[in-house]
Each structure stands twice: as structure tokens, then as C-alpha cells.
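[1] Okay, structure incoming, though there's no sequence with it:
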């Protein structure tokens, strides 16, 4: 049960004191200052009102830290969800998003309970980088209207039509809005360059709001865009469920769960590297699932661990999950006592924040580095990126993972060797067996050496090799010491090979079979107990046994 214990319990058992609380409280306040404007901006970019982002930061942020498997993980709404959330809201309404997030939370809990957390690390980097960069491009594209103040009633959701609409309305650029956006953007960049410890997002937001209010500039603000936005925490409730609704939203739920799981575990790995600790991946998934259920209960957005906020938390001196919980409580205090100030925040300033977030998400250095990789990795990267931007995030992930898996299996199949030639067996020589593949091979005996994992991608090659030898010999030796793994297709291939040989009266000797392949073969009844099949510890013993069998056959 250790792997399913929330880190908060572990840290409390180690001893919690006022000194640790002070460090966690300072870190929590620091992260809250960063998360406050970011949560609002991400909610608006997702097609929701800014209060939804703050509610998510409070509820999900608290629960992720309380139930999660990382000491310093900080969660809330993130850029990875913007595209999928926007599409779900556009197609199914906000209630549909709540249903999808509810199912995603249950999927994450189930994934953690069944110990799937360790499997997410096998998602190829070109796929992760490709869809993350694609999301960044979509987020940045969605903010052009607010940054330039364009007069557009309806902005198309598709990427290319969206930019066609932008260029068609370029003559309607609002100068005051553009200047506010450029000022906020420039200030954020300058603070990051010359004063990186200061909360650039919050400072830019406050100054932009002050300038707009004092100069009475006619620019769009949160107050004008969302005049009826609530300024208190809502009462908990659950969305209406029906079987048809569940089936309809299941693909979106899996996408949300997939994104939440990947980003949370990537963030936890980054945190481990910065702190020298080790997270519990399966408990982290369970914590993420519980947090998303809690967010749904209060009408919030999907949430996951956020790499940038987690890194800020660590740099600010966080010691335990209490820091993430404090960050949520500080944002709650703002909602209860300062949410009226949100009305003065210019939309152009929020767009500037999201431009900076999108640039950070695209990880341009890693993207360029992957473009220098082999053609297969480059193809996966560009295809995932292109499908994310031009088609759909769910399609991009599915196609990217499938293509990467197929390419990996193709590369693995190239490493598998079926040999009955005269090549020297260097691996055997290392073990003191200097017999060549066909040295001293008696008449009527054939030998095949298999090297590498035998899986469905290469399962037919041994049968092809047997057909090429023509007449079936009296004894066949299968050298399998260099086969570390057999899957079901590999076992079937071995069984079919033996059956074909047995029909012609040939005896089969398997030499040097490792434990995993031996167990797999035993499951289909291939053992020493079966007539005509023999197992030997090494090739020398197999060759000796083959000579004895040929003598018996001759007599």
C-alpha cells in the first residue's frame, strides 16, 4: 500500500513544524500570485468565464496536493486543456464539459488503481512535443482577436479559416487595444529578462488595468466581456447524466484523462529532478482523478499538475504538499475578497499572458532538436504537430502514438536475426562455447539461431527460413539463448514451426532457452514431456543430443 499513500501523509509522519509551515506558506503565496492571472487567462481561452479558472485552481489545486503522490506538485487549469475544452464546450455546451471531466476523473482513478502510471512514460517524446507545440500554436492563434482588438463577431474554430478571418478584418485593428497588449507583453518579457523573481504576469495585469481605468481607454475588459460573472464560490452539484450523453462524450473524456495523466507525471518527474525526491506515479493519477471530480462538483474546468507552477513552487522554497494547498487557499481569499477587481483587467493583457505561455509550451529548442533526429522520429513529430493544429487533438494523439509504435516495432524487427549460416557466434565465444554455427554438424541435422525478442512483427520469418531449406532434416536444433522474450505470436510461430517439422518426422531440440520464453512455451504444452521435443542447456549439449538421435534414426 506504500505506493498508494498520499505524500501529505508521508510528510506529516516525518514531522511537521512551524518552520516548514512558514516555508510552505511563502511558497504557496508566490505560486498563487503566478496562478491567479494565468487561471483566468486559460479559462477565457478555453471558452469559459474567468471565474471557472479560479474555481479550478482552488478546488483542484487543493485536492491535487492533498491526495497526490508528489511532495511539491501544484495543479490547476493548464494550457494543454485549452483546445479540447474549447471544442467540447462548442459542441456539447459547458454541461457536456462537466460530464466529460467527471468521466476523465474516474478514468484517472482507475488508471492509478490498476498501476498504469508507469506506462505513460512510454509515450514517445516526438508525440508529446508535437501535440504540445500544436496546442501552443492554437492557443496563440486564439488570442489574436483580443490582442489586436479586431471587430469580429464570430471567429471560426478551425485554424485556417480563423486566420482567413483575421486577415479579412485586419483593417479593424483597435490602436488603443493593441498598445495595451504590446505594453503588457513587453513588460512581461522585460521582467523575465531583468527581474525573473518578480511575478511578471500579475504586475503586467495590474499596471494594464490601472492604465485603462485611469485613462478611461475604450478597450474590452473582463467586466465588459463577462458582466454577470459571479464573485463567490458556487454550491457543489453534479451535472445531469444519461447513457447517451456518456457514450457521446467518452472520447473527450479519454482525451482529457490522457492529457491530465501525461502532464501530471511529466511535472512530477521534473519536480523529482529539482528536489531529489521520488513521486508515486499511481497515487498521483488517483489524486488527479479525485481533483477533477472535485472540480466538476463546483463547476470547474479539467485540471492537472502544472510544470511551470510546480517549478515556481520549488524555487520559492516549498517543502511539502501543504504549499500547494496554501496556494489554493490564497486564491480562494482573492475570490472572496478581491474578485470585483477582475472587472478592470483588459482582455489584451490576458492575451499577452497567453502569448508568453504559448511560447513556453512550444519548447522550440526541443522541437528543433527532434527535427535533427532520424526520419521516423521527424515524421512522427511533424505529423502529430500538423494534425493537432489542422485536424483534432484526439486524432493527433491517436495517429502519433500508433505511428510511433509501428515505427518502433519495425526498428525492433530489424534487430531480430534468424540464422542458419556460417557466421561466427561471438556471443557463445564469450561464454566459452567456441563452436561455430555449423561446425561438426552431422548429416541430417539442421540448426537455426534466433537472436532478439520474437514478437508479432517478426513471427513469420522462422517459418520462411525453414521453407528455404527444402527437404526437412531428421533433427532441427533451435538455438534460443539470445531470445529474451516471446509474445503470444512468437510462441505460435515456434509451435507452428515444430508442428510442420514433426509432420515430416523431424525431432526438435531447443537449446539455451531463457526463463520467460520457457514459461511461455510451457503454457502451450511445449516441454520435455512432449514426444519429439527436447530442451538442452546449451548448443554443445544440443549438438551431442542431435548426433545420438541421428544414430537412433539410422538404426
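    It's in. Quantities reported herein were computed from a predicted structural model and do not represent experimental measurements.
[2] low pLDDT regions in this protein?
    1-2, 120-121, 415-416, 419-440, 456-472, 528-531, 552-555 (pLDDT under 70).
[3] let's see 50
    Low-confidence segments of the chain (pLDDT under 50): 422-435, 554-555.
[4] Wait, residue 24 touches residue 320, no?
    Yes. Assessed by C-beta atoms under 8 Å, residue 24 is found in contact with residue 320 at 5.8 Å. Placement of C-beta: from N, CA and C, glycine included.
[5] the more surrounded of these two?
    When residue 24 and residue 320 are compared for neighbours, residue 24 comes out ahead with 27 against 22, by other C-beta atoms under 10 Å.
[6] gap between residue 13 and residue 298?
    According to C-beta to C-beta, to the nearest Å, residue 13 stands 30 Å off from residue 298.
[7] Compare the two (neighbour count), which wins?
    The neighbour count for residue 13 versus residue 298, taken as other C-beta under 10 Å, is higher for residue 298 (17 against 9).
[8] Show the residue spans covered by the strands in the protein.
    75-76, 304-305, 417-419, 445-451, 475-482, 507-511, 533-536 (DSSP state E).
[9] winner for burial among those strands?
    strand 75-76 (a mean of 34; mean count of other C-beta atoms under 10 Å).
[10] Parallel or antiparallel, list what pairs with that strand.
    Here strand 75-76 is paired, per DSSP bridges, with strand 304-305 (antiparallel).
[11] Figure out how far the partner strand is from the centre of its chain.
    12 Å (C-alpha atoms, centre = their mean, to the nearest Å).
[12] What about the nearest residue in space to residue 89 that is not next to it in sequence, how many residues nearby?
    In space, and not counting its chain neighbours, residue 89 is closest to residue 47: 4.4 Å by C-beta to C-beta, 6 or more residues apart in numbering. Neighbourhood size, residue 47 [other C-beta under 10 Å]: 18.
[13] thought residue 47 was touching residue 84?
    No. Using C-beta under 8 Å as the test, residue 47 is too far from residue 84 to be in contact (10.8 Å).
[14] can you pull the contacts of residue 230?
    residue 51 (C-beta atoms under 8 Å, 6 or more residues apart in numbering).
[15] Helices along the stretch 151-300 of the chain, start to end?
    159-168, 175-194, 200-215, 222-225, 243-275, 281-297 (DSSP state H, counting those that start in this stretch).
[16] so which of those helices is the most packed in?
    For these, the highest mean count by mean count of other C-beta under 10 Å goes to helix 281-297, at a mean of 26.
[17] angle of that helix against helix 243-275?
    130 degrees (axes from the mean of the first three to the mean of the last three C-alpha atoms, to 10 degrees).
[18] helices or strands next to helix 281-297 in the packing?
    helix 50-67, helix 82-113, helix 243-275, strand 304-305 (3 or more C-beta pairs under 8 Å, 6 or more residues apart in numbering; DSSP states H and E).
[19] So which elements touch the third one?
    With contacts taken as 3+ C-beta pairs under 8 Å, 6+ apart, helix 243-275 sits against helix 82-113, helix 281-297, strand 304-305, helix 307-315, helix 393-415.
[20] and those, which is most packed in?
    Mean neighbour count (mean count of other C-beta under 10 Å) peaks for strand 304-305 among the helices and strands packed on helix 243-275, with a mean of 32.
[21] give me phi/psi at residue 116?
    phi -90, psi -10 (degrees, to the nearest 10).
[22] How about residue 249, nearest residue that isn't a chain neighbour?
    Per C-beta to C-beta, 6+ apart, closest to residue 249 is residue 100, 4.4 Å.
[23] residues touching the one you found, list them.
    88, 92, 249, 252-253, 256, 302.
[24] And it, how far from residue 256?
    Residue 100 is 6 Å from residue 256, by C-beta to C-beta.
[25] Check residue 365 too.
    28 Å.
[26] if we can go back for a sec, out of the strands of the chain, which comes closest to residue 62?
    strand 75-76 (8.9 Å; C-beta to C-beta).
[27] so how far is the closest one off the chain centroid?
    On C-alpha atoms, centre = their mean, the centre of strand 75-76 falls 16 Å from the chain's centre.
[28] what does that strand contact?
    So strand 75-76 is contacted by 35, 39, 53, 56-57, 60-61, 64-65, 68, 264, 288, 291, 303-306, 309, 324 (C-beta under 8 Å, 6+ apart).
[29] could you redo the last one with a cut-off of 10 Å?
    31, 35, 38-39, 42, 53-54, 56-65, 68, 260, 263-264, 267, 284, 287-288, 291-292, 295, 300-301, 303-306, 309-310, 324, 327-328, 331 (C-beta atoms under 10 Å, 6 or more residues apart in numbering).
[30] In contact with the residue nearest to residue 238 when sequence neighbours are not counted, which residues?
    Leaving aside its sequence neighbours, residue 238 sits nearest to residue 297 (C-beta to C-beta, 6+ apart; 6.5 Å). Residue 297 sits next to 59, 98, 102, 105, 234-239 when contact means C-beta under 10 Å, 6+ apart.
[31] Mind putting the strands of the chain into CSV with distance to residue 112?
    Shown next, in CSV, are the strands of the chain (distance: least, C-beta to C-beta, whole Å):
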stretch, distance to residue 112
strand 75-76, 15
strand 304-305, 13
strand 417-419, 40
strand 445-451, 38
strand 475-482, 37
strand 507-511, 41
strand 533-536, 41
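[32] closest one to residue 4 among these?
    strand 304-305 (17.6 Å).
[33] tell me the contacts of the residue most central in space within the chain?
    Centroid-nearest residue in the chain, with C-alpha atoms, centre = their mean: residue 262, separated by 2.8 Å. Residue 262 is in contact with 80, 120-121, 123, 127-128, 131-132, 304, 397, counting by C-beta under 10 Å, 6+ apart.
[34] Can you flag the buried ones in the residues you listed?
    Buried by 16 or more other C-beta atoms under 10 Å: 80, 120, 123, 127-128, 131-132, 304, 397, out of those.
[35] hang on, the earlier thing: tell me which of the strands of the chain lies nearest to residue 361.
    strand 304-305 (13.5 Å).
[36] got the contact list for the closest one?
    60-61, 64-65, 68, 70, 73-78, 80-81, 104, 108, 256-257, 259-268, 270-271, 279, 284, 287-288, 291-292, 324.
[37] Can you give me the neighbour number for the closest residue in space to residue 443 that isn't next to it in sequence?
    Closest residue in space to residue 443, ignoring its immediate chain neighbours: residue 550 at 7.2 Å, by C-beta to C-beta, 6+ apart. Neighbourhood size, residue 550 [other C-beta under 10 Å]: 18.
[38] is it true that residue 550 touches residue 475?
    Yes. With contact defined as C-beta atoms under 10 Å, residue 550 counts as touching residue 475 (6.0 Å).
[39] Now the common contact residues for the two.
    By C-beta under 10 Å, 6+ apart, residue 550 and residue 475 have these common neighbours: 442, 444-445, 507.
[40] can you give me the helices for the stretch 351-500 of the chain?
    So, for the stretch 351-500 of the chain - with DSSP H, counting those that start in this stretch - the helices run 364-371, 375-390, 393-415, 426-430, 461-468, 488-503.
[41] Show me which positions of the second one end up buried.
    Read it as helix 375-390. Quick answer for helix 375-390 (16+ other C-beta under 10 Å): 376-377, 379-381, 383-385, 387-389.
[42] same deal with the last one?
    Neighbour-count burial for helix 488-503 flags 490-491, 493-494, 497-498, 501-502 (criterion: 16+ other C-beta under 10 Å).
[43] Now do that helix against strand 507-511, angle only.
    Going by the same axes, to 10 degrees, helix 488-503 makes 140 degrees with strand 507-511.
[44] Could you list every helix and strand in contact with helix 488-503?
    strand 445-451, helix 461-468, strand 475-482, strand 507-511, helix 515-523, strand 533-536 (3 or more C-beta pairs under 10 Å, 6 or more residues apart in numbering; DSSP states H and E).
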